[in-house]
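> next one to model:
(chains A and B)
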Amino acid sequence: MLVLPPQTPARAAGAGQAREKTKMKKITDSLQMTVIAGLVLTVIVLFVAPIIAGDGGGAQGAVEEMTDKVKGE
Amino acid sequence: MDVDFGSLAFYVRWLHVLSGVMWIGLLWYFNFVQVPVMGEIPDEQKPAVSRHIAPRALFWFRWGAMATIVFGLWLAWLNGYIWDVLKLGAGEGSLNLTLLGFGMWFGIIMWFNVWFVIWPNQKVALGLVEADADAKPKAAATAKMFSRINTLLSIPMFFGMLSASHFA
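Model prediction:
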């Protein structure tokens, strides 16, 4: 027969803290995932943007655009 | 003496950035500070946050979002590229314009989430409107999820906004 140790107030508090730590870890993990997902979406946007911008929309286009600005065109 | 006070677009940009800092600053406060720390606060002290701090923070949060979107659209209109940016600079051949368009659309989605998802659900969760006891946890979960989505979107949103002038 399994005999469980008596649940003292200190033990109960410890268990409560452990639950809070687990909850906090989940939230922290989720926050980390949020930030990582945001960075991934940024990279996706960076790759998709030149396709949407069309001809000259890539890095070369951006350089040409800046060159035109410098030349005052 | 001839003093140049700058263009109207400059002042609108200034107000856009000021209100944007208010909005996103509070968004990150909710996500990085308030929500994670609530689990550590004793139950008897939680009303200090939910009844006093959160409603005040939410007020500046949602009106910061409104001011940011209004000044942002006004700025794009003053600069003459509002329609090009709204159609993501498609076919314009300008990467800066397309990236700004992404930033603007992410910002618009975030503004919509604030006013039409997060705020209505926060009112229920915080007990600011009458609702069933069962509705509160559900509303809190929905508000939290969309707040988290906005935090996610804020990262590429800022990338797009900064790209307008500084990408290349």
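
> when you work out contacts or count neighbours from here on, use the C-alpha atoms and nothing else.
Fine.

> low-confidence ranges, the chain, go.
Answering for chain A, as no chain was given. A:1-29, A:55-73 (pLDDT under 70).

> other chain: chain B
B:1, B:168.

> near chain A, which residues of it?
B:31-32, B:36, B:39-40, B:88-99, B:102, B:148-149, B:151-156, B:159, B:168 (CA under 8 Å from any CA of the partner chain).

> and if we set it to 10 Å?
B:31-32, B:35-40, B:87-103, B:148-160, B:167-168 (CA under 10 Å from any CA of the partner chain).

> now do the helices in chain B.
Assigned by DSSP state H, the helices in chain B fall at B:8-29, B:35-38, B:46-47, B:54-78, B:82-86, B:95-113, B:119-125, B:135-166.

> so can I have CSV of the ones you listed showing distance to residue A:39 and mean neighbour count?
CSV is the format used below for the helices of chain B (distance: least, CA to CA, whole Å; neighbours: other CA atoms under 10 Å in any protein chain shown):
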stretch, distance to residue A:39, mean neighbour count
helix B:8-29, 16, 18
helix B:35-38, 21, 15
helix B:46-47, 33, 14
helix B:54-78, 22, 19
helix B:82-86, 22, 18
helix B:95-113, 14, 24
helix B:119-125, 26, 21
helix B:135-166, 7, 19
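
> can you put those in JSON lines and add distance to residue A:46?
Listed next are the helices of chain B as JSON lines, based on distance: least, CA to CA, whole Å:
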{"stretch": "helix B:8-29", "distance to residue A:46": "22"}
{"stretch": "helix B:35-38", "distance to residue A:46": "31"}
{"stretch": "helix B:46-47", "distance to residue A:46": "42"}
{"stretch": "helix B:54-78", "distance to residue A:46": "21"}
{"stretch": "helix B:82-86", "distance to residue A:46": "16"}
{"stretch": "helix B:95-113", "distance to residue A:46": "8"}
{"stretch": "helix B:119-125", "distance to residue A:46": "31"}
{"stretch": "helix B:135-166", "distance to residue A:46": "9"}
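
> closest one to residue A:34 among the ones you listed?
helix B:135-166 (5.3 Å; CA to CA).

> quick check: angle from the closest one to helix B:95-113?
On the basis of axes from the mean of the first three to the mean of the last three CA atoms, to 10 degrees, helix B:135-166 is oriented at 160 degrees to helix B:95-113.

> which strands and helices lie in contact with helix B:135-166?
Where contact means 3 or more CA pairs under 10 Å, 6 or more residues apart in numbering or on different chains; DSSP states H and E, helix B:135-166 is packed against helix A:9-53, helix B:8-29, helix B:95-113, helix B:119-125.
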